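next comes the sequence, and after it the predicted model I'd like to discuss.
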Amino acid sequence: MRFQTVSIFGVAHLDAPHRVPSEEIEKRLAPSLERLEMRADLIRNLSGIIERRFWDEGYQPSDAAAEAGRRAIADAGITADRLGILVNTSVCRDYIEPSTACIVHSKIGLSETCMNFDLGNACLAFINGMDMVGNMIERGQIDYGIVVNGESSRFSTEKTIEKLLDPEIDEEMFRENFATLTLGSGAAAMVLGRSDLGEDGHPFLGGVNLAATEHNRLCYGQVDGMVTKGHELLVAGLGLAARTWKKAVDEYGWKIDDFDHCILHQVSKVHTEKFCEIVGLDVDTVFKLYPKFANIGPAGVPIVMSKLNEEGRLKRGDRIALMGIGSGLNCTMAEVRW
């Protein structure tokens, strides 16, 4: 859907404080890597990830999402009581129930009239949340809404390391569990509102979506880890991305050279490079999050936007493409005019 009256008024991120080098994890996994005759630098070689971040022990996804939310509200220059909805899009959650959204709602101190709920769609959920809030604004149901996300990879990484050190693990099982070692931690939030409520908003124009749910068993996660069929997931995901890009070109006349910034969901080095090939994008122009922060799931795209803004690299009038994909598989490509 294309929006006419929706703008981004605030965006913020929060980096987890503890750097965890891939080399450190590889050293812990050395007994299994040696036994299976796999590369000693397997994580760095296969993913291009040098390090990832962890939160303090006991720091919950809701803590991270709430702090990012406070920062986004401050960046928007509004009071929290003006928000009509909070959508939490985190893969990681404090509990199965109640929703993490209601915990974030309470921690920020939002009003009783502010709706709140979790929205889950793997790594695509944040952009889906933007679409949902945008639809409510476009229909006149609310003036402002906020999308939040807080991801934490400490527990799943530690449990996966334990699993992979089991002498019974074979190479196939090791590779199926490998993706968990590429996950990072971080948080992001975004305030969207009705465009006529301020002159400093950045129009969110919406975009296109496609699904390929026949691939729903290529990646599935639990609290203690994620299992993937890596090559099949890469091929299916890139195919879906190519079809989604064609849909955007056909419906909206997109040309890659017309965009000043393309913000991609980043899983790894090979995924990022192949994605760029598909849409004809020079990979050297992409702000790369994965080498130092790994795959932060749905938080990745808004974190990159926030970092670009923080560094002063987003200029008024810039065209920004948001390109997200999530296991399942689903893909969304949307446009922001800064």
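Structure received.

for the rest of this, base every contact and every neighbour count on C-alpha atoms.
OK.

residue ranges of the helices in the stretch 1-150 of the chain, please?
Assigned by DSSP state H, counting those that start in this stretch, the helices in the stretch 1-150 of the chain fall at 22-28, 30-35, 42-47, 61-76, 100-108, 125-138.

ditto for the stretch 201-338 of the chain
Per DSSP H, counting those that start in this stretch, the stretch 201-338 of the chain carries helices over the ranges 230-252, 269-279, 290-293, 300-310.

picking that back up, out of the helices of the stretch 1-150 of the chain, the one nearest residue 155 is which?
Residue 155 sits nearest to helix 61-76 of all these, at 11.8 Å, using Cα to Cα.

so what touches the closest one?
With Cα atoms under 8 Å, 6 or more residues apart in numbering as the test, helix 61-76 has contacts from 9-14, 79-80, 88, 90, 92-94, 100-101, 103-105, 107-108, 146-152, 186-191.

and the contacts of stretch 151-166?
25, 28-29, 31-32, 54-55, 60-61, 64, 90-92, 169, 174, 177, 180-181, 183-187, 223-225, 296-297, 299.

repeat that for 6 Å
Here stretch 151-166 makes contact (Cα atoms under 6 Å, 6 or more residues apart in numbering) with 32, 54, 61, 92, 181, 183, 184, 185, 186, 224, 225.

how about stretch 159-172: buried residues?
Neighbour-count burial for stretch 159-172 flags 160, 161, 163, 164, 165, 171 (criterion: 16 or more other Cα atoms under 10 Å).

gap between it and the chain center?
The chain centre lies 27 Å from the centre of stretch 159-172; the measure is Cα atoms, centre = their mean, to the nearest Å.

average pLDDT for it?
Average pLDDT, stretch 159-172: 96.

render the CA-only coordinates of it in PDB, please.
Listed next in PDB are the C-alpha coordinates belonging to stretch 159-172 (Å, rounded to 0.1, in the frame of the first residue of the first chain):
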ATOM      1  CA  LYS A 159      22.900 -23.000  24.500                       C
ATOM      2  CA  THR A 160      24.000 -23.600  20.900                       C
ATOM      3  CA  ILE A 161      27.700 -23.700  21.900                       C
ATOM      4  CA  GLU A 162      26.800 -26.300  24.600                       C
ATOM      5  CA  LYS A 163      24.900 -28.300  22.000                       C
ATOM      6  CA  LEU A 164      27.700 -28.200  19.400                       C
ATOM      7  CA  LEU A 165      30.300 -29.400  21.900                       C
ATOM      8  CA  ASP A 166      28.400 -32.700  22.200                       C
ATOM      9  CA  PRO A 167      30.700 -35.500  20.900                       C
ATOM     10  CA  GLU A 168      27.700 -37.000  19.100                       C
ATOM     11  CA  ILE A 169      27.200 -33.900  16.900                       C
ATOM     12  CA  ASP A 170      28.000 -34.600  13.300                       C
ATOM     13  CA  GLU A 171      28.900 -32.100  10.500                       C
ATOM     14  CA  GLU A 172      25.300 -31.900   9.200                       C
END
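
contact partners for the residue nearest to the spatial centre of the chain?
Residue closest to the average C-alpha location in the chain (Cα atoms, centre = their mean): residue 298, at 2.1 Å. Contacts here follow Cα under 6 Å, 6+ apart; on that basis residue 298 touches 123, 124, 125, 126.

count of residues packed around the last one?
Around residue 126 sit 31 other residues, with neighbours defined as other Cα atoms under 10 Å.

equivalent analysis for the one 5 residues further on, please.
By the measure other Cα under 10 Å, the count of residues near residue 131 is 23.

name the nearest residue to it, ignoring sequence neighbours.
With sequence-adjacent residues excluded and distances taken as Cα to Cα, 6 or more residues apart in numbering, residue 131 is closest to residue 206, at 6.8 Å.

which residues does that neighbour bridge with?
With DSSP bridges as the criterion, residue 206 is bridged to residue 2, residue 335.

so it makes contact with residue 334?
Yes. Residue 206 lies in contact with residue 334 (Cα atoms under 6 Å); the separation is 4.9 Å.

coming back round to it: kindly provide the distance from the residue nearest to residue 131 to residue 132.
10 Å (Cα to Cα, to the nearest Å).

one more: residue 280?
29 Å.

ok, now residue 68?
19 Å.

can you map out the strands along the stretch 51-200 of the chain?
51-54, 83-88, 115-118, 144-151, 186-194 (DSSP state E, counting those that start in this stretch).

run through who's touching the second one.
The contact list for strand 83-88, computed with Cα under 6 Å, 6+ apart, reads 101, 114-118, 142, 144-149.
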